[in-house]
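Colleague: quick one: sequence and predicted model below, then my questions.
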Amino acid sequence: MILFDTNVLAYAHDSASKNHEKAVKLIESALGGELDACISYQNIIELYSVFTHPLKLSTPYESSGAVELCYLYIESKNLKKIVPTEKTYSEALRLASRIGVVARKIFDSVLVATALENGVKTIYTENTKDFEPFKSIRAINPFIKK
């Protein structure tokens, strides 16, 4: 199973992004059940932030539109949702300490710990460097031409 990072989701809804078409194909494949993929609820909250932020999206959404798009993912039957537990946060802190995570990068630790606790070993993200220190998860940039 593949975990989508928030940037993949955001590009699917930003027609001005150079990664828009590829992101749409990936998301449609997951929503249609052809790709075994998941997101965490952390991704959904981050996505709301991106959707409504004027510097993150070429045309930001109003709050009601952002909520509607977030529910598209929440209500999808084929795109699995993974959730953290109490143990996840302890593991996130352990990972952060081991590799020297600081500041906002702690959220990457939480995402990795959530993925691992749910048996997910691969994340699709444009920000592969953010996940390189975490040896227990493989980060793949799906936007790089092969």
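Modeller: That came through, no problem.
Colleague: mind checking the SS state of residue 71?
Modeller: When classified by DSSP: H, G, I helix; E, B strand; the rest coil, residue 71 comes out as helix.
Colleague: cool, residue 18 as well?
Modeller: Counting by three-state DSSP, the backbone at residue 18 sits in coil.
Colleague: excluding covalently adjacent residues, which one is nearest to it?
Modeller: residue 143 (8.0 Å; Cβ to Cβ, 6 or more residues apart in numbering). All C-beta atoms are positioned from the backbone trio N, CA, C, and that covers glycine.
Colleague: quick one: low-confidence ranges for the chain?
Modeller: For the chain, the stretches with pLDDT under 70 are 146.
Colleague: now for it: which helix has the highest residue count?
Modeller: In the chain, assigned by DSSP state H, the helix with the most residues is helix 86-99.
Colleague: which strands and helices lie in contact with the helix or strand just after that helix?
Modeller: Downstream of helix 86-99, the next assigned helix or strand under DSSP states H and E is helix 106-117. Using 3 or more Cβ pairs under 8 Å, 6 or more residues apart in numbering; DSSP states H and E, the elements in contact with helix 106-117 are strand 37-40, helix 41-51, strand 80-82, helix 86-99, strand 122-124, helix 128-131.
Colleague: could you redo the last one with a cut-off of 10 Å?
Modeller: strand 2-4, strand 37-40, helix 41-51, strand 80-82, helix 86-99, strand 122-124, helix 128-131 (3 or more Cβ pairs under 10 Å, 6 or more residues apart in numbering; DSSP states H and E).
Colleague: who's in contact with residue 42?
Modeller: Residue 42 is in contact with 6, 82, 83, 84, 107, 110, 111, 114, counting by Cβ atoms under 10 Å, 6 or more residues apart in numbering.
Colleague: switch the cut-off to 8 Å
Modeller: Neighbour list for residue 42: 84, 107, 110, 111, 114 [criterion: Cβ atoms under 8 Å, 6 or more residues apart in numbering].
Colleague: tell me the helices and strands packed up against the longest helix of the chain.
Modeller: The elements that helix 86-99 packs onto, with contact taken as 3+ Cβ pairs under 8 Å, 6+ apart, are helix 106-117.
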